[in-house]
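> Quick one: sequence and predicted model below, then my questions.
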Number of protein chains: 6
Amino acid sequence: MPLVTVHLIENVFTEEEKVEMISKLTDTMVEIEGEAMRQVTWVKIEEVPEGQWGIGGTALTAPMIHQMKKAS
Amino acid sequence: MPLVTVHLIENVFTEEEKVEMISKLTDTMVEIEGEAMRQVTWVKIEEVPEGQWGIGGTALTAPMIHQMKKAS
Amino acid sequence: MPLVTVHLIENVFTEEEKVEMISKLTDTMVEIEGEAMRQVTWVKIEEVPEGQWGIGGTALTAPMIHQMKKAS
Amino acid sequence: MPLVTVHLIENVFTEEEKVEMISKLTDTMVEIEGEAMRQVTWVKIEEVPEGQWGIGGTALTAPMIHQMKKAS
Amino acid sequence: MPLVTVHLIENVFTEEEKVEMISKLTDTMVEIEGEAMRQVTWVKIEEVPEGQWGIGGTALTAPMIHQMKKAS
Amino acid sequence: MPLVTVHLIENVFTEEEKVEMISKLTDTMVEIEGEAMRQVTWVKIEEVPEGQWGIGGTALTAPMIHQMKKAS
């Protein structure tokens, strides 16, 4: 039953990072719910094109997100 | 009002099967809710790219789903 | 994988009708996708409180929907 | 916190119209919630391919929507 | 076709504010898409209970949001 | 930007477990995306009432899920 949906902006994460998200978010859920629930734990990733996600009214592009990530 | 959203993995179903889903899922809803509700019954299909849907932590591809379908 | 989400307004459908939706929408999907996919076909129903769903800007109540249904 | 998700059919709205939606829907929310909430007001636009959105069981294409728009 | 879904935390907005959101978000969409689209413009509001929405890992309560709103 | 939505059945998880989900799923995302993204990482939990989530056409109740969990 647990269904986890992740919404991202396109061109921000690599294929490897997305596979890692699916695997690690599932493990995190299973840690809390118990191993018996693994096969009914679904994680899906939906990506929104650049320019179609706004924060505070400003449409974001992938370079803007990469800039934010570098700030750490 | 009834809004039906179907999430699928890309490259599993044909265009014909998706049109059939829209038509038959609408008919199924109308059977229950009454014919007067048909024009406010919406069905939309959203597809998630292969590799972005995990079950039990494993990211699925279209060939994996086709394999499951053959098992019947 | 197929995930079907139904959004309804609260107090329009009975418990029996909602159970019927789950069962019949699943059967409709299985007809198209094949019996082998039944166990990975999920249907969930989410209800929105009356007054929180607008069509054309008018917030709908359950009595308004019941009125529409009678029109058939 | 307020999260606004807009679902559209592909090829109906231009890039400019989608940027305008993000900006104006945010302004509309901020008018109601107060300026302090602007930075936590997110708007994302998700598009469904033509033929994957049905009203009353009929799958819509962009030309059908453009026809509806001209009717005004 | 345009479907607008607003996700809020419960107990932050009054019934009047939610009706205002439905009406004004619809008007904003209609301004962009044209008056002919009004009857197929749907806005629904879904509320998440307090404590079930986290920003940066911290689960928010309605008083925390009211505090943010006062900051303006 | 990353938005994580978790759908659960009501009465399966405690308030503590839900707070833990928010905190740990955020940490998992931040591990992959970098600490700079923490404040724009949102996790929300939406619960579906018992009887409104079907697997293979069978509407699930909380006791059925608790039974599955014990199986581990």
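Alright, I've got the coordinates.
> Get me the contact residues on chain A for chain D.
Taking CB under 8 Å from any CB of the partner chain as the measure of proximity, chain A contacts chain D at A:7, A:46, A:48-49, A:51-59. For every residue, glycine as well, the C-beta is placed using N, CA and C.
> May I see the ChimeraX selection of the buried members of those residues?
Selecting only the buried entries of the residues of chain A next to chain D in ChimeraX, with 16 or more other CB atoms under 10 Å in any protein chain shown as the criterion:
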select /A:7,46,48,49,51,52,53,54,55,57,58,59
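> hey, what's the closest residue to chain C within chain A bridged with?
Closest to chain C within chain A is residue A:3: 7.1 Å, counting by CB to the nearest CB. For residue A:3, the beta-bridge partners under DSSP bridges are residue A:42, residue F:7.
> list the contacts for it?
By CB atoms under 8 Å, 6 or more residues apart in numbering or on different chains, the residues touching residue A:3 are A:42, A:43, A:44, C:3, C:42, C:44, F:6, F:7.
> would you turn these into JSON lines with pLDDT and distance to residue F:21?
Rendered in JSON lines, the data for the contacts of residue A:3 read as follows (pLDDT from 0 to 100; distance: CB to CB, whole Å):
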{"residue": "A:42", "pLDDT": "98", "distance to residue F:21": "15"}
{"residue": "A:43", "pLDDT": "98", "distance to residue F:21": "13"}
{"residue": "A:44", "pLDDT": "98", "distance to residue F:21": "17"}
{"residue": "C:3", "pLDDT": "98", "distance to residue F:21": "20"}
{"residue": "C:42", "pLDDT": "98", "distance to residue F:21": "19"}
{"residue": "C:44", "pLDDT": "98", "distance to residue F:21": "18"}
{"residue": "F:6", "pLDDT": "98", "distance to residue F:21": "6"}
{"residue": "F:7", "pLDDT": "98", "distance to residue F:21": "12"}
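> top of those by neighbour count?
Comparing the contacts of residue A:3 on neighbour count, residue A:43 comes out first with 27 neighbours (neighbours: other CB atoms under 10 Å in any protein chain shown).
> For that residue, give its distance to chain D.
When CB to the nearest CB, to the nearest Å is the yardstick, residue A:43 and chain D sit 18 Å from each other.
> Spit out the contact partners of that residue.
With the criterion set at CB under 8 Å, 6+ apart, residue A:43 makes contact with A:3, A:4, A:5, A:6, A:21, A:22, A:25, A:26, A:29, B:53, B:54, B:57.
> For those residues, give me JSON lines that also has distance to residue B:12 and secondary structure.
Written out in JSON lines, the entries for those read as follows (distance: CB to CB, whole Å; DSSP: H, G, I helix; E, B strand; the rest coil):
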{"residue": "A:3", "distance to residue B:12": "18", "secondary structure": "strand"}
{"residue": "A:4", "distance to residue B:12": "20", "secondary structure": "strand"}
{"residue": "A:5", "distance to residue B:12": "18", "secondary structure": "strand"}
{"residue": "A:6", "distance to residue B:12": "20", "secondary structure": "strand"}
{"residue": "A:21", "distance to residue B:12": "21", "secondary structure": "helix"}
{"residue": "A:22", "distance to residue B:12": "17", "secondary structure": "helix"}
{"residue": "A:25", "distance to residue B:12": "22", "secondary structure": "helix"}
{"residue": "A:26", "distance to residue B:12": "21", "secondary structure": "helix"}
{"residue": "A:29", "distance to residue B:12": "24", "secondary structure": "helix"}
{"residue": "B:53", "distance to residue B:12": "10", "secondary structure": "strand"}
{"residue": "B:54", "distance to residue B:12": "15", "secondary structure": "strand"}
{"residue": "B:57", "distance to residue B:12": "20", "secondary structure": "coil"}
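> Closest to residue C:13 out of the residues of chain A next to chain D?
Closest approach to residue C:13 among those (CB to CB): residue A:46, at 27.8 Å.
> Look at that closest one and tell me its secondary structure.
Under DSSP: H, G, I helix; E, B strand; the rest coil, residue A:46 falls in the strand class.
> Name the residues of chain A found near chain B, please.
Residues of chain A found near chain B (CB under 8 Å from any CB) are A:15, A:18-19, A:22-23, A:26-27, A:30, A:38-39, A:41-47.
> Just the buried ones from those?
Of all the residues of chain A next to chain B considered here, the ones buried according to neighbour count by 16+ other CB under 10 Å are A:18-19, A:22-23, A:26, A:30, A:38, A:41-47.
> how about the residues of chain A that lie near chain C?
Taking CB under 8 Å from any CB as the contact definition, chain A meets chain C at A:3, A:42, A:44.
> so where's chain A uncertain?
For chain A, applying pLDDT under 70 flags the ranges A:72.
> looking at it, which residue lies furthest from center?
Note on chain A: the largest separation between a C-alpha and the mean C-alpha position, by CA atoms, centre = their mean, falls on residue A:36 (24.0 Å).
> wait, that one sits on residue F:66?
No. Residue A:36 lies out of contact with residue F:66 (CB atoms under 8 Å); the separation is 10.5 Å.
> how about the nearest residue to residue A:47, chain neighbours excluded?
Using CB to CB, 6 or more residues apart in numbering or on different chains and skipping residues adjacent in sequence, the residue nearest residue A:47 is residue A:10, 4.5 Å away.
> now do residue A:61
Leaving out its chain neighbours, residue A:61 is closest to residue A:50 (CB to CB, 6+ apart), at 4.6 Å.
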